[in-house]
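Q: what shape does this take:
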Amino acid sequence: MENSIGIHISQSALFNWLIIFFISIFGIRDVLPQETTIKTDSHAVVSVKASLLPKGLLGPIDISPAVIPHDQYPIEPQSPMYPSFPSTYDPILTGRCQLNFSNMASIIDKTASDCSAPLASLVGNVICCPQVNSLVHILQGTYGKNSGSLVLQQAAAEDCFSDIMSILASRGANDTIPGICSIDSAPLTGGSCPVQDVETFEKTVNTSLLLDSCSTVDPLKECCRPICQPAIMEAAVRLSQRESSPLDNAKIPGKSVGVDVLSDCKGIVYSWLSQKLSLDDANAAFRMLSSCKVNKVCPLQFKDPSTVIKDCRDPPSANSSCCNSLDIYISDVQKQMLITNRQAINCAMFFGSLLQKGGVVTNVYDLCNIDLKDFSLQAYRQQGCLLRSLPADVLYDNYTGYSFTCDLSDNIGAPWPSSSSLSSLSLCAPEMSLPALPVSQNSRASGGSRGLGLALTLVLSSLSYTQRAIP
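A: Next up is the predicted model:
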């Protein structure tokens with residue numbers, strides 16, 4: 001009896017264990033990873049496999065500031081951590097300009113950078129406008145490269161000029177370039193020059209001499225011992241002397257024969273050169289020729305210096321009202337634009353001559369510690385920036401924004417004009433009577449000036465300026 005009861009209990013326990021075992025098997029199967037389909041509000045289907053989820057998914061997440069989205073319409077100014085970069089967009093073109101602008105992409109990008117919206121008016125005379133003029137010359141030559149023409153018809157000129165300005169603006173350039181640089185579509189038509197096609201051009205001009213002279217423009221010699229400039233002028237004179245037919249003259253509304261013919265023919269020479277040279281070589285040559293031109297004059301505007309003359313006419317002292325009046329006057333000049341080191345010399349000489357004509361005989365530059373950099377735009381509210389006399393460009397990158405290189409960063413005194421005529425001033429090589437640059441007292445004490453060798457890079461965000469109209 002006892003044996004039968006024991007066997008019965010053992011069979012019941014075994015049955016219970018079997019039930020538990022099968023329940024466990026089915027329970028484990030239910031928690032195995034399965035592919036799950038999640039439907040989002042955007043109707044996108046996302047497949048997630050639980051076994052592929054990384055460990056620590058719900059733990060802390062490190063976010064780099066670089067991936068933090070920018071607010072397109074911030075209520076408050078953005079943090080300095082995020083510099084302000086130009087907004088780009090797809091330009092709206094006329095659709096009537098038969099020119100593949102992608103062939104000029106590198107020059108267009110350079111021009112957009114050199115004429116960036118916040119800097120165009122400040123570097124217009126030295127960087128932006130010379131680059132824009134070069135771009136227009138290259139556009140004119142590129143347009144007719146396969147047709148044998150060196151000009152555009154008036155309608156095409158207006159359309160292409162409008163398109164190129166729209167493209168520049170879409171890439172961050174200032175949208176008022178035509179006003180800043182005083183340029184329009186007229187140069188693209190060739191104006192009143194009687195020669196406007198390649199065949200007639202090459203029959204009229206000594207093209208071998210022209211190419212040899214302008215294929216490579218020496219940046220150290222061209223402005224003082226010009227080679228390309230006289231070659232261009234000689235070609236333009238030959239073109240202007242060629243007779244044009246009445247039909248050609250009829251194509252130029254409102255213009256008579258002989259009006260600005262030489263200037264228009266120089267544009268034709270530039271157009272021909274842009275067809276024969278590579279884009280980079282043509283742009284480099286045109287920029288160098290522009291530098292020779294802009295460095296000859298002072299681009300600043302000087303208002304009536306009667307107050308300075310009044311306070312500085314009598315023999316002044318360093319603590320007198322003369323230096324105070326001069327500082328106030330110069331501080332207003334500083335707000336106009338960035339200029340080159342050579343332009344600063346011209347500006348200092350010109351302003352000094354104005355003071356001398358008013359009766360000021362004392363060298364007030366030396367008396368009041370006026371330096372060459374004081375005639376250019378100021379950065380950090382105390383440090384002037386003089387650009388190099390050679391062609392320069394505005395640089396752009398994703399970290400610092402826009403930047404450019406300054407020269408003559410030391411305190412080199414402004415030259416006071418001597419009794420000799422200003423026309424005798426030469427800024428060429430020493431053997432061509434280059435006057436020695438004045439050296440500051442600080443530089444003498446340190447054993448020489450470092451201004452010519454030290455380049456100071458200024459970032460746009462570091463510039464502090466206020467533009468005022470000069471009466």
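
Q: can you list the domain ranges for this structure.
A: For the chain, automatic domain parsing gives the domain ranges 101-294, 306-462.

Q: reformat these as CSV; add distance to T88, mean neighbour count and mean pLDDT.
A: No exception for glycine: its C-beta is placed from N, CA and C like everyone else's. Converted to CSV, these look like this (distance: least, CB to CB, whole Å; neighbours: other CB atoms under 10 Å; pLDDT from 0 to 100):
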stretch, distance to T88, mean neighbour count, mean pLDDT
domain 101-294, 6, 19, 91
domain 306-462, 12, 17, 75
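
Q: which of those sits closest to L300?
A: Checking the domains of the chain against L300 by CB to CB gives domain 306-462 as the closest, at 5.2 Å.

Q: returning to what we had before: got TSV for the domains of the chain, with distance to I92 too?
A: Formatted as TSV, those follow (distance: least, CB to CB, whole Å):
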stretch	distance to I92
domain 101-294	6
domain 306-462	23
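
Q: now for those domains, which one comes closest to D90?
A: Going by CB to CB, the one of the domains of the chain nearest D90 is domain 101-294, 6.6 Å.

Q: quick one: end-to-end distance for that closest one.
A: In domain 101-294, first residue to last residue: 29 Å (CA to CA, to the nearest Å).

Q: got it, and stretch 358-367?
A: Start-to-end span of stretch 358-367 (CA to CA) is 18 Å.

Q: element containing I164, please.
A: Secondary structure assignment for I164, by DSSP states H and E: helix 154-170.

Q: what is that helix packed up against?
A: Using 3 or more CB pairs under 8 Å, 6 or more residues apart in numbering; DSSP states H and E, the elements in contact with helix 154-170 are helix 105-114, helix 129-143, helix 177-181.

Q: any chance of these in CSV, plus distance to L122?
A: CSV is the format used below for the helices and strands packed on helix 154-170 (distance: least, CB to CB, whole Å):
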stretch, distance to L122
helix 105-114, 12
helix 129-143, 12
helix 177-181, 10
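
Q: the ones you listed: which one's closest to G190?
A: G190 lies closest to helix 129-143 among the helices and strands packed on helix 154-170, at 8.2 Å (CB to CB).

Q: okay, the angle between that closest one and helix 154-170?
A: For helix 129-143 against helix 154-170, the angle by axes from the mean of the first three to the mean of the last three CA atoms, to 10 degrees is 130 degrees.

Q: what packs against helix 129-143?
A: Using 3+ CB pairs under 8 Å, 6+ apart, the elements in contact with helix 129-143 are helix 105-114, helix 154-170, helix 177-181, helix 261-276, helix 279-294.

Q: strand partners (parallel or antiparallel) of the lengthiest strand in the chain?
A: Counting residues, the longest strand found in the chain (DSSP state E) is strand 401-407. Strand pairing for strand 401-407, using DSSP bridges, gives strand 386-387 (antiparallel), strand 395-397 (antiparallel), strand 456-459 (antiparallel).

Q: what comes into contact with the shortest one?
A: Okay, so that is strand 386-387. Residues outside strand 386-387 that contact it (CB atoms under 8 Å, 6 or more residues apart in numbering): 123, 126-127, 338-341, 344, 372-373, 376, 404-409.

Q: go again using 6 Å as the cut-off
A: Contacts with strand 386-387, where a contact means CB atoms under 6 Å, 6 or more residues apart in numbering, come from 126, 338, 340-341, 344, 373, 376, 407-408.

Q: I268: which of these is nearest?
A: Nearest to I268, judged by CB to CB, of these is V126 at 26.2 Å.
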